[in-house]
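1. Fold the following.
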Amino acid sequence: MQNIDLILNKIDRFRIGYIFTPSEFYDVVNCPSVVSRILNKLVSNGHIRKLSKGKYDKPKQSVFGEMPPSSDWLIREFLFDGKKPIGYISGTRAFAQMGLTTQISSAYQIGTNTYRRAVTRGESKISFILQPNVINKKNIPLLQLLDAIRFIRDIPATTPDSAIESIRYIMKNLSANDRKSLSRLAMAYTSYVRAAVGALLDEMGDDTSALYRSLNLASVYKLGISKEALPKAKKWRII
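-> Got it, this is the predicted structure:
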């Protein structure tokens, strides 16, 4: 078989919408420059679509023409290295899934351990926030919860009071071990996040001594949360 036939044969086995890179063909054509030249030819004749440098897909066709690429596949490279989690969805999309807002965003915000500049994939804008904690499958929901507190003043279509009430409900339904993990993970966040987590866990009778000791006793944290919504706010100097 010719090189182009070997590559086409493999592409034909990909599902519609699957995003692939040149490296996926090195097992059948062991010459990167040849693979790149063939892929560019296939883009030119409309067999595949180039999304960005080194990223291609098989576009899905509708009666109106080509469908845009799947956003979930576009961000997968930022969420997994193979099967290992290296990032997670944060921001408005995550907060909507948590019931903190009814607003749905077309943009993505991703938590990651390494600094990245914002990028555009297809029609989707993707920005990144630096996550100091190790990211794994088990702690991603806890990191999303901490991010919700971190951005509590910016969650759309809600108020800090309403958001903190929803966050309290989620925390109350965590296991004791998960709340301990939440407290530990919060230590890597900024001081006002530690204060808010401490105030909520304090209500639940959990050990908050480490969180309390980590705070500057002269600081005040302006989160726009009332004492009615957060009874322990005064102790933790949250206003």
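
2. what residues does the longest strand along the chain touch?
-> Determined from DSSP state E, the single longest strand within the chain is strand 124-130. Strand 124-130 is contacted from outside by 71, 74-75, 78, 87, 90-91, 106-120, 147, using C-beta atoms under 8 Å, 6 or more residues apart in numbering. The C-beta positions use only the backbone N, C-alpha and C, and glycine is treated the same way.

3. Next step: those residues restricted to strands.
-> Gly87, Ser90, Tyr108, Gln109, Ile110, Gly111, Thr112, Val119, Thr120.

4. okay, these in TSV with neighbour count and distance to Arg179 next?
-> TSV is the format used below for these (neighbours: other C-beta atoms under 10 Å; distance: C-beta to C-beta, whole Å):
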residue	neighbour count	distance to Arg179
Gly87	23	24
Ser90	25	20
Tyr108	25	28
Gln109	21	25
Ile110	21	25
Gly111	25	20
Thr112	17	25
Val119	15	35
Thr120	11	38
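
5. Identify, from those residues, the entry nearest to Ile239.
-> Closest to Ile239 out of the ones in strands among the contacts of strand 124-130 is Ser90 (25.5 Å), distances taken as C-beta to C-beta.

6. from the ones in strands among the contacts of strand 124-130, which is closest to Lys227?
-> The closest of the ones in strands among the contacts of strand 124-130, once distances to Lys227 are taken by C-beta to C-beta, is Ser90, at 28.3 Å.

7. still on that earlier bit, single out whichever of the ones in strands among the contacts of strand 124-130 has the smallest pLDDT.
-> Here the lowest pLDDT out of those sits on Thr120, with 84.
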